[in-house]
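# Sequence and predicted structure, then a few things I'm wondering about:
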Amino acid sequence: MSSTTRAGSYRAVLLLPSALRTFAPALAGRLAYGLLPLSTLFTVHRATGSFGVAGAAVAGFGLASLSMPYKARLVDRYSQRRVLPSLALVCALGLVATTFLSTPALLVAFVAVTGLFAPPLGPSMRSNWRLITEDTDLKERAYALDAICEESLYLCGPLLAGLLISLWSAPAALICTAVLLACGTFLMVTAPLTRRTTPPSPARHPLGPLTNGGLRRILVVILVTAAGVSTAYLCVAGVAQAEGRPGAAGFVEAGIGLGSVVGGLLWGRRKHTRSHEAHLAGLIGVLAAGLLLASLATHLVVLGVVMGLAGVAVAPLFVVSYLAADDLTPPDQRTEASTWINTANNLGSAAGASLTGLLIDRAGPAYGFLAGGVLLVLVSAAVLLGRRTE
């Protein structure tokens, strides 16, 4: 799938000036996003007694992520140190205030508005990695390390949230989430490099990096791929429910995350020389093969193994996408371009999940896996054909 050479070690990345000082608190802040869904869900449910209202509140916070690229534009223009602490403080206070509300409509609206102020910590840290690895050949490895740790946070976050909810309460877990977000962000911006700004070019278009045709193609690929991959999570739940062991779905999904971490570790250990399009096509092909094989699995253990193996492509897929976005956009638009990758992924996941739910109800999870696999095969083929016609 790729031509590779050795690329050094992760230790070399972490030993770069300002690396640990910036990355460690950034991870603490980003861990908050791993705790947030469960903490918010059960806090709202506790206040209203309705999972429908709780789900709407979580969805509202997620939809607010559409504002992320524009917050990233502010970060590029005015620096992380001036923008991120204000966003984090307002968001954290909003999360704490949520624990005192009980009116359903007000809760949903309040959580959604709070989401508008969620600081773009992931894109900001990738911007820091670009500065930290300047004049080195370690940027791809830094992005891989970042993706691995992010996947690990989303594995540990729900577990930690569940532990806090069990030991104390959902509101206590949400308050801990707010504290993590604020403290992580404030400590992250103490690093000198967070003062850096990237003045916009005089002729910058209001749509920023979206005017770039190459980036738009990458975003479409990520959006459709996310729609295909999201079928796996709902279908796993469907298989577990059909076998009378719904709780087992969590272990299978954790296997996907573990596979992603392993894949990121392996990917980052090599220096890749093929084009971004070739890598995207190959990685999407791995995911497609996993979903097609999953449609044939008849046991949860087999399904877990198959999905874990397919998961090795997830973290590398994001690494390649971020690198492609960097290559396609000028310096003053790279943080914003990075957030569009995440936004496309979120939108695709939401669309795929809604359609897959209908398919599972009508035909069963095996057909959901099959549909997702076929969609990813088509995406992989389209990327390859597009590359050959350029």
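Received, thanks.

# Give me the residue ranges of the stretch 201-350 of the chain where confidence is low.
Across the stretch 201-350 of the chain, the ranges flagged by pLDDT under 70 are 201-206, 246-250.

# those helices in the stretch 251-390 of the chain, which residues are they?
For the stretch 251-390 of the chain, helices defined by DSSP state H, counting those that start in this stretch occupy the ranges 276-294, 300-310, 314-328, 334-363, 365-389.

# hey, which of the ones you listed is tucked in deepest?
The densest packing among those, expressed as mean neighbour count by mean count of other C-beta atoms under 10 Å, is seen in helix 314-328 with a mean of 24. For every residue, glycine as well, the C-beta is placed using N, CA and C.

# Please enumerate the helices of the stretch 51-200 of the chain.
With DSSP H, counting those that start in this stretch applied, the stretch 51-200 of the chain shows helices at 51-63, 68-78, 80-98, 104-115, 121-132, 139-167, 170-188, listed in chain order.

# JSON lines for these, including mean neighbour count and distance to Gly238?
Output for those, formatted as JSON lines (neighbours: other C-beta atoms under 10 Å; distance: least, C-beta to C-beta, whole Å):
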{"stretch": "helix 51-63", "mean neighbour count": "18", "distance to Gly238": "18"}
{"stretch": "helix 68-78", "mean neighbour count": "21", "distance to Gly238": "31"}
{"stretch": "helix 80-98", "mean neighbour count": "20", "distance to Gly238": "31"}
{"stretch": "helix 104-115", "mean neighbour count": "19", "distance to Gly238": "27"}
{"stretch": "helix 121-132", "mean neighbour count": "24", "distance to Gly238": "30"}
{"stretch": "helix 139-167", "mean neighbour count": "20", "distance to Gly238": "20"}
{"stretch": "helix 170-188", "mean neighbour count": "22", "distance to Gly238": "27"}
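
# Could you check how far the residue nearest to Leu63 when sequence neighbours are not counted is from Leu385?
Counting by C-beta to C-beta, 6 or more residues apart in numbering, the nearest residue to Leu63 once its immediate chain neighbours are dropped is Ala112, at 6.8 Å. Using C-beta to C-beta, to the nearest Å, we find Ala112 at a distance of 40 Å from Leu385.

# looking at the helices of the stretch 51-200 of the chain, which is closest to Pro25?
Ranking the helices of the stretch 51-200 of the chain by proximity to Pro25 (C-beta to C-beta) places helix 170-188 first, at 3.5 Å.

# returning to that earlier point: show me the contacts for the residue nearest to Leu63.
By C-beta atoms under 8 Å, 6 or more residues apart in numbering, Ala112 lies in contact with Ala57, Gly60, Phe61, Leu63, Ala64.

# and those residues as CSV, adding distance to Asp76 and pLDDT?
Written out in CSV, the entries for the contacts of Ala112 read as follows (distance: C-beta to C-beta, whole Å; pLDDT from 0 to 100):
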residue, distance to Asp76, pLDDT
Ala57, 30, 84
Gly60, 27, 82
Phe61, 24, 84
Leu63, 23, 79
Ala64, 20, 83
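
# Going by distance to Val261, which of the residues you listed wins?
Here the nearest of those to Val261, counting by C-beta to C-beta, is Phe61; it sits at 25.2 Å.

# Now do the contacts for the residue nearest to the closest one when sequence neighbours are not counted.
Closest residue in space to Phe61, ignoring its immediate chain neighbours: Gly115 at 3.7 Å, by C-beta to C-beta, 6+ apart. Contact analysis of Gly115 by C-beta under 8 Å, 6+ apart lists Gly60, Phe61, Gly62, Leu63, Ala64, Ser65, Ser67, Cys91.
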